[in-house]
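Enquirer: okay, structure incoming, though there's no sequence with it:
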């Protein structure tokens, strides 16, 4: 009886270790899928902007209408965040964010930070959408993820 109890205990510990990693892996997969969604949306919006003469990058606030929403652009990419509560006119309006929420205090016109709600450490389970322009910038759009806290 004692041997059976020891075997069952060992199996329970092994099963618990695997189950505890499954939720973290699911959150990391969700972060990866959200990154792909953000990247595809930004590239699609850039294509729409480039095909619309009203979305000329020489304007002070270039914009175009996508799915009935006026979206603002910076160098042909949708802006990160304009500081409004609903994300109108920004990348956020084009996305289905699901369990990801924007962090307005870390976001501005050229930058948006999304974190996964319910993560172990949401400060380290996030996606950053960064528009960087200038002489030293080789890539105008950078999308970074931090999954260390998922």
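Expert: The structure has been received and is ready for your questions. None of the values given here were measured: they were computed from a predicted structure. Residues are numbered from 1 along each chain as shown.

Enquirer: where in the chain is pLDDT low?
Expert: Low-confidence segments of the chain, defined by pLDDT under 70: 17, 20, 57, 134-137.

Enquirer: contact partners for residue 72?
Expert: 61-63, 78-79, 82, 89-90 (Cβ atoms under 8 Å, 6 or more residues apart in numbering). Glycine gets a C-beta too; all of them are placed from N, C-alpha and C.

Enquirer: which among these count as buried?
Expert: 62-63, 78-79, 82, 89-90 (16 or more other Cβ atoms under 10 Å).

Enquirer: picking up where we left off before, reformat the contacts of residue 72 as a markdown table; add secondary structure and distance to residue 133.
Expert: Output for the contacts of residue 72, formatted as a markdown table (DSSP: H, G, I helix; E, B strand; the rest coil; distance: Cβ to Cβ, whole Å):
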| residue | secondary structure | distance to residue 133 |
| --- | --- | --- |
| 61 | coil | 15 |
| 62 | coil | 13 |
| 63 | strand | 18 |
| 78 | strand | 14 |
| 79 | coil | 12 |
| 82 | coil | 17 |
| 89 | coil | 19 |
| 90 | coil | 17 |
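
Enquirer: tell me the one among these nearest to residue 1.
Expert: Within these, proximity to residue 1 (Cβ to Cβ) peaks at residue 90, which comes in at 64.4 Å.

Enquirer: quick one: that closest one and residue 112 touch, right?
Expert: Yes: the criterion here is Cβ atoms under 8 Å, and residue 90 meets it with residue 112 at 7.2 Å.

Enquirer: between the two, which contacts overlap?
Expert: Contacts common to residue 90 and residue 112, judged by Cβ under 8 Å, 6+ apart, are 80-81.

Enquirer: okay, and the beta partners of residue 141?
Expert: On the basis of DSSP bridges, residue 141 is bridged to residue 131.

Enquirer: which helix in this structure runs the most residues?
Expert: helix 2-51 (DSSP state H).

Enquirer: do I have it right that residue 117 meets residue 103?
Expert: No: contact between residue 117 and residue 103 fails when scored by Cβ under 8 Å: they sit 10.9 Å apart.

Enquirer: which one's more surrounded, those two?
Expert: Applying other Cβ atoms under 10 Å to residue 117 and residue 103 shows that residue 103 carries more neighbours, namely 15 against 12.

Enquirer: which residue is nearest the middle of this structure?
Expert: residue 127 (4.2 Å; Cα atoms, centre = their mean).
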